[in-house]
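>>> coordinates only, no sequence provided:
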């Protein structure tokens with residue numbers, strides 16, 4: 001199924017979609033590539049351009065109006081039913097002989113960043129925090145009673161954990177907080193969900 005994800009709420013304050021941020025950066029830094037001039041709808045139309053049978057007949061205006069369209073054929077529902085994975089065996093491989101021949105663990109594993117919190121490295125001990133724009137897994141697609149966005153959580157234990165970490169570091173609403181490492185840093189005012197913070 002192909003979906004057209006329409007905005008649920010108008011932008012708040014000076015917030016912008018990523019696409020518009022990149023367009024403005026293009027102007028500020030003088031990039032001339034044509035793709036930076038594409039509108040959001042141009043990007044959507046381009047994403048639907050495909051020679052695959054499953055995408056035949058899917059057109060942006062119709063998709064936008066209906067909100068969704070069904071992909072065509074069995075291949076759209078089960079693309080790897082008859083094999084065709086980009087592996088030596090043509091199948092989904094949990095044990096990869098190709099990786100093993102290169103001296104890499106042939107089984108799935110997690111390779112943590114050298115500066116990950118808790119890592120046994122000098123930098124990780126010096127700077128125990130990690131800047132992460134992505135929402136925590138437990139906070140995804142949940143509605144908070146104090147904030148309208150979908151990136152916060154109404155699960156009490158997750159909210160308690162976040163509050164405990166904030167209090168341990170003395171972070172309160174509206175105070176200035178500095179975050180830095182050996183490469184650089186930035187300063188932001190703290191905003192706590194549900195708190196009344198004057199505009200800045």
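That came through fine. Computed from a predicted structure; not experimentally measured.
>>> quick check: domain ranges of the protein?
2-75, 84-117, 132-171 (automatic domain parsing).
>>> next, format those domains as TSV and append mean pLDDT, mean neighbour count and distance to residue 193.
(C-beta placed from N, C-alpha, C; glycine too.) Shown next, in TSV, are the domains of the chain (pLDDT from 0 to 100; neighbours: other C-beta atoms under 10 Å; distance: least, C-beta to C-beta, whole Å):
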stretch	mean pLDDT	mean neighbour count	distance to residue 193
domain 2-75	86	11	14
domain 84-117	85	11	22
domain 132-171	63	12	5
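>>> can those domains go into JSON lines with extra columns for distance to residue 180?
Below are these laid out as JSON lines (distance: least, C-beta to C-beta, whole Å):
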{"stretch": "domain 2-75", "distance to residue 180": "23"}
{"stretch": "domain 84-117", "distance to residue 180": "14"}
{"stretch": "domain 132-171", "distance to residue 180": "14"}
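>>> and of these, who's closest to residue 184?
The minimum distance between residue 184 and those falls on domain 84-117, with 14.0 Å, by C-beta to C-beta.
>>> centre of the chain to the closest one, how far?
Distance of domain 84-117 from its chain centroid, counting by C-alpha atoms, centre = their mean, to the nearest Å, is 23 Å.
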